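> Quick one, what's the 3D model for this:
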Amino acid sequence: MGGNQTSVTEFLLVGFPLSPRTQVILFGLFSVFYAFTLLGNGVILGLISLDSRLHTPMYFFLSQLATVDIAYACNTVPQMLVNLLSPAQPISFAGCITQTFLYLTFGHTECLLLVVMSYDRYVAVCLPLRYSTIISWRVCVTLAVTSWTLGFLLTLVDVVLLLPLPFCGPQKVNHFFCEILAVLNVACADTHFNKVVVFSVASLALVGPLSAIVVSYGRIVWAALRIQSVEGRWKAFSTCSSHLCVVGLFYGIAMIMCVGPQHGDPQEQKKYLPLFHSLFNPLLNPLIYSLRNREVKAALRRRLEKGRPS
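The predicted model follows:
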């Protein structure tokens, strides 16, 4: 590069180009959403930990999902809230790379956990007599650790290729957090290969798990349709309804993010799409499981009655 190149030690996160009044309103709204995200997922984790009736593989995987959702929100939302009150906030180079790494790791891990949860539902519906043998606690821990490990390794590919790039300005990252493509756009080098790798890894992390989920649910539907009684068929579908809603929400938003906006300024609109994964997805997941799951509602009721003075 040129001789006048200087090393960048921090970035400025541009955030949202909104009026001060709108930013204050969004700060209040998103703060409430963030608080409910932590509360909802915290309640799910607490119930699973305290209620022995929820000490089953299905709820073990749900606790992993709740952990990912809390970590996902905590990684990006606080920075966004600060940015709404005081735009163009600086973030250190190390802090930016760490945020990028964690954001991608949690995203990849959630994709894999959704596959694991669909496999758990497949065994429960299609192989109920062998469920306790196939989905043992050792298998549960192995699947959870594998999901976290693969999520870490997939992210490592993107970040290892990002670190050697020179950053010499401008320092402004056009996003509310250190999203990897926004960071690549401020590098002082050709980042075409990096972007191809990012899209390839993202496609692998989305299409592979989604294909496995579709296969699992295809077999679940086939097995459920062969059940003679309407009650048995309804029970088979009801055990999967919450997970299916979460999968639809997660992958629906992911597909929109991959396709991108068709109208207006794509660069500007793409900043708003990750909000759904950072804020709304972690907020809605515990609501879906608590509203559509009788065991979770029963556990919450028992906790509330236990805490009520006699």
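> For stretch 207-215, buried residues please.
Of the residues in stretch 207-215, Pro209, Leu210, Ala212, Ile213 count as buried by neighbour count, 16 or more other CB atoms under 10 Å. To be clear about C-beta, it is placed using only N, CA and C from the backbone, and glycine gets the same treatment.
> and the second one, that one's in a helix?
Yes. Residue state for Leu210 (DSSP: H, G, I helix; E, B strand; the rest coil) corresponds to a helix.
> which ones are touching it?
Tyr251 (CB atoms under 8 Å, 6 or more residues apart in numbering).
> For it, give its distance to Tyr59.
23 Å (CB to CB, to the nearest Å).
> quick check, nearest of the buried residues of stretch 207-215 to Arg294?
Each of the buried residues of stretch 207-215 was checked against Arg294 using CB to CB; the closest is Ile213, at 23.2 Å.
> Nearest spatial neighbour of that closest one, chain-adjacent residues omitted?
The shortest distance from Ile213 to any non-neighbouring residue, by CB to CB, 6 or more residues apart in numbering, is to Ser118 (4.5 Å).
> where does the stretch 51-200 of the chain have low pLDDT?
169-170 (pLDDT under 70).
> show me the contacts for the spatially most central residue of the chain.
Residue closest to the average C-alpha location in the chain (CA atoms, centre = their mean): Gly107, at 4.5 Å. For Gly107, the contact set (CB under 8 Å, 6+ apart) comprises Tyr72, Gly151, Ala205, His277.
> For the residue nearest to Phe280 when sequence neighbours are not counted, give me its contacts.
Spatially, and ignoring its direct neighbours in sequence, Phe280 is nearest to Phe33 (7.3 Å; CB to CB, 6+ apart). Phe33 makes contact with Leu279, Phe280, Leu283, according to CB under 8 Å, 6+ apart.
> which helices and strands does the helix or strand containing the last one pack with?
Element membership for Leu283 (DSSP states H and E) is helix 281-292. With contacts defined as 3 or more CB pairs under 8 Å, 6 or more residues apart in numbering; DSSP states H and E, the packing partners of helix 281-292 are helix 20-50, helix 57-85, helix 230-259, helix 294-307.
> List the buried residues in the longest one.
Spelled out, that is helix 20-50. 23, 26-27, 30, 33-34, 37-38, 40-41, 43-45, 47-48.
> Nearest to Lys297 among the residues you listed?
Leu47 (9.8 Å).
> surely the closest one meets Arg301?
No. Between Leu47 and Arg301 there is no contact under CB atoms under 8 Å: 10.3 Å.
> So the residue lying closest to Arg53 once chain neighbours are set aside versus Leu47, what's the distance?
Of all residues not flanking Arg53 in the chain, Ala299 sits nearest, at 6.5 Å (CB to CB, 6+ apart). Separation of Ala299 from Leu47 (CB to CB) stands at 5 Å.
> Overlap in contacts, the two.
With CB under 8 Å, 6+ apart, Ala299 and Leu47 have common neighbours Leu54.
> Compute the number of surrounding residues for the residue lying closest to Asp51 once chain neighbours are set aside.
In space, and not counting its chain neighbours, Asp51 is closest to Ala299: 4.3 Å by CB to CB, 6+ apart. Ala299 has 23 neighbouring residues, counting by other CB atoms under 10 Å.
> got the contact list for Ala299?
Leu47, Asp51, Arg53, Leu54.
> tell me the pLDDT at it?
According to the prediction, Ala299 has pLDDT 78.
> ok, so what distance separates it from Ile44?
10 Å.
> Now stretch 183-199: buried residues?
Quick answer for stretch 183-199 (16+ other CB under 10 Å): Val183, Leu184, Asn185, Val186, Ala187, Thr191, Asn194, Val197, Val198.
> And the furthest pair within those?
It's Val186 and Val197 that sit farthest apart of those, by CB to CB, at 17.7 Å.
> sorry, back to before: and the residue nearest to the centre of the chain, which of the three is it?
Criterion first, three-state DSSP; result for Gly107: helix.
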